[in-house]
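A.B. asks: Quick one, fold the following:
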Amino acid sequence: MIDLDQQFARIYEIIGGKDTPFEQAGQRFYEHLCSALSLPCEVTGTEDFNWEEYYIFGPGDPKEHERLRKSQPSYMDMYDLLIIKDDLVSPWMLFRTEDLGAHVRRKSDGREFILGLAELEPTDRKSENYQLLADYSVWFVNFR
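C.D. replies: Okay, the predicted model is just below:
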């Protein structure tokens with residue numbers, strides 16, 4: 001179970017306090033992640049990616065979703081997170097201009113994509129990477 005007080009204390013320590021402007025906090029978080037993440041690490045989507053909503057929650061055909069998953073990233077896939085960058089942007093990112101870009105390689109076929117880091121989580125919940133990315137996602141979603 002996540003202790004939110006401890007999580008926010010870690011976040012404030014990384015970004016320099018709760019009043020740090022978003023852009024400055026984002027740069028500090030990026031630098032922290034670059035030095036603390038152990039890469040590559042296996043990740044998956046935290047929830048359906050933007051393009052998948054039509055198929056997951058809407059009237060989209062499940063067979064069409066399966067077909068499209070062959071050429072597009074899916075939250076159901078497993079990836080190796082290779083690198084993060086603050087200047088990577090792609091159509092697969094939900095928050096293209098605000099989120100960090102995550103360069104990933106899909107394990108099933110080796111295809112590479114740029115995804116939003118806040119939309120990913122490590123598959124190993126006991127790893128330090130899991131806490132680092134969970135803290136980043138909580139900061140990103142709550143401080144934008």
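A.B. asks: Based on its surroundings, how many neighbours for residue 69?
C.D. replies: 18 (other Cβ atoms under 10 Å). (Glycine included, C-beta is placed from N, CA and C.)
A.B. asks: Low-confidence stretches in the protein?
C.D. replies: Filtered on pLDDT under 70, the chain yields the residue ranges 1.
A.B. asks: so where do the helices sit in it?
C.D. replies: 4-15, 22-36, 53-56, 62-69, 128-143 (DSSP state H).
A.B. asks: And the last one, what's buried?
C.D. replies: To tie it back to what came earlier, the one meant is helix 128-143. 129, 130, 131, 132, 133, 134, 135, 136, 137, 138, 139, 140 (16 or more other Cβ atoms under 10 Å).
A.B. asks: which outside residues touch it?
C.D. replies: 2, 7-8, 10-11, 14-15, 22, 25, 29, 33, 36-38, 41, 43, 46, 95, 98-100, 117-122, 124 (Cβ atoms under 8 Å, 6 or more residues apart in numbering).
A.B. asks: what does stretch 79-96 give?
C.D. replies: Applying Cβ under 8 Å, 6+ apart, the set of residues contacting stretch 79-96 is 26-27, 30, 33-34, 37, 39-44, 49-51, 72-73, 97, 99-107, 112-120, 122, 140, 144.
A.B. asks: okay, how far is it across it, tip to tip?
C.D. replies: 19 Å (Cα to Cα, to the nearest Å).
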